[in-house]
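S.K.: based on what follows, work out the 3D shape:
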Amino acid sequence: MIRLLASLGRAVMGALASIGAVVLYAAQTVSHLFRPPFYPREFLNALIQIGWLSLPVVGLTAFFTGGALALQIFAGGSRYGAEEVVPSIVAIGMVRELGPVLGGLMVAARVASSIAAEIGTMKVTEQIDALTTLSTNPMKYLTLPRVLAATLAVPVLVAVGDSIGIFGGYVVGVNRLDFNAATYIKNTVDFLEGWDIISGLVKGAAFGFIVATMGCYHGMNSGRGAQGVGRATKSAVVSASVLIFAANYILTELFFAA
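M.R.: Next up is the predicted model:
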């Protein structure tokens with residue numbers, strides 16, 4: 001029994017130590033935001049890699065999610081004679097929840113793994129040590145541009161994904177479920193409120209910060225060799241995905257709790 005409690009205690013202490021290390025790493029990243037030197041070229045490159053190149057996967061995911069959501073809501077609503085709620089529920093579901101969460105998860109799968117693998121490989125090949133030798137702070141040169149780019153780019157991806165997801169619901173609703181096109185658009189526009197859109201964009205910014213921070217943190221703490229880089233990549237995606245769900249609940253509680 002004592003050995004069991006000891007192993008449980010070690011696991012809990014290890015988890016708390018990991019959480020503390022991540023929090024300190026994130027705080028250190030933010031502390032460098034307004035202190036020179038700045039690296040705009042690295043920032044713009046990260047913005048393209050994270051934002052523009054993630055657009056196809058986010059758009060396709062949102063389109064098919066919106067279409068599937070319309071089918072499911074129609075099937076459920078038809079049991080109670082409430083088929084007309086399809087446009088409204090698709091819009092609010094995409095803007096408040098599915099758009100930000102699925103967009104964040106897609107970016108986590110693509111970006112967190114890429115960042116962790118890139119920085120982990122740099123650590124294995126001692127490129128990070130070379131930056132330090134050249135008096136270049138790896139936190140400012142590698143972490144801050146990626147975190148800042150993700151925090152700014154993911155809300156834009158979420159906004160685009162929301163629009164494409166709602167359009168996917170519109171396509172299915174009009175062509176598959178026989179909704180009137182003008183009525184579908186009117187119900188969508190009339191139901192959405194400004195706070196619904198803003199809350200989704202704020203979630204997107206939070207998710208982008210989480211994704212890039214997890215990718216950089218696990219890359220910086222990667223073990224040596226190919227196995228170490230592989231573990232860092234896996235840990236980055238898993239931790240980013242879990243934290244996205246946790247942050248989504250916390251933000252939803254803050255924004256929409258009665």
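S.K.: so Thr29 is in which element?
M.R.: Secondary structure from DSSP states H and E places Thr29 in helix 2-31.
S.K.: check which helices and strands the helix or strand following that helix sits against.
M.R.: Scanning forward in sequence from helix 2-31 by DSSP H and E, the next helix or strand is helix 40-50. If you count contacts as 3 or more C-beta pairs under 8 Å, 6 or more residues apart in numbering; DSSP states H and E, helix 40-50 packs onto helix 144-175. No exception for glycine: its C-beta is placed from N, CA and C like everyone else's.
S.K.: now do the helix it packs on against helix 2-31, angle only.
M.R.: 100 degrees (axes from the mean of the first three to the mean of the last three C-alpha atoms, to 10 degrees).
S.K.: can you give me the pLDDT of the residue positioned nearest the centre of the chain?
M.R.: Nearest residue to the geometric centre of the chain (C-alpha atoms, centre = their mean): Gly104, 2.3 Å. We have a pLDDT of 93 for Gly104.
S.K.: excluding chain neighbours, what is closest to it?
M.R.: In space, and not counting its chain neighbours, Gly104 is closest to Phe207: 3.3 Å by C-beta to C-beta, 6 or more residues apart in numbering.
S.K.: can you pull the buried residues of the helix or strand harbouring the one you found?
M.R.: Using DSSP H and E, Phe207 sits in helix 194-220. Buried residues in helix 194-220, counted by 16 or more other C-beta atoms under 10 Å: 196-197, 199-220.
S.K.: any idea how the chain splits into domains?
M.R.: Domain assignment of the chain by automatic domain parsing yields the ranges 1-31, 39-256.
S.K.: most tightly packed of the ones you listed?
M.R.: domain 39-256 (a mean of 19; mean count of other C-beta atoms under 10 Å).
S.K.: how long is it end to end?
M.R.: With C-alpha to C-alpha, to the nearest Å as the measure, the ends of domain 39-256 fall 38 Å from one another.
S.K.: gap between it and the chain center?
M.R.: Relative to its parent chain, domain 39-256 has a centroid offset of 4 Å by C-alpha atoms, centre = their mean, to the nearest Å.
S.K.: how much space between the nearest residue to Ala26 once chain neighbours are set aside and Ile128?
M.R.: Excluding the flanking residues, the one nearest Ala26 by C-beta to C-beta, 6+ apart is Thr213, at 5.2 Å. The gap separating Thr213 from Ile128 is 17 Å, by C-beta to C-beta, to the nearest Å.
S.K.: repeat for Val211
M.R.: Distance, Val211 to Ile128, using C-beta to C-beta: 21 Å.
S.K.: need the contact list for Asn45.
M.R.: Residues near Asn45 by C-beta atoms under 8 Å, 6 or more residues apart in numbering: Pro145.
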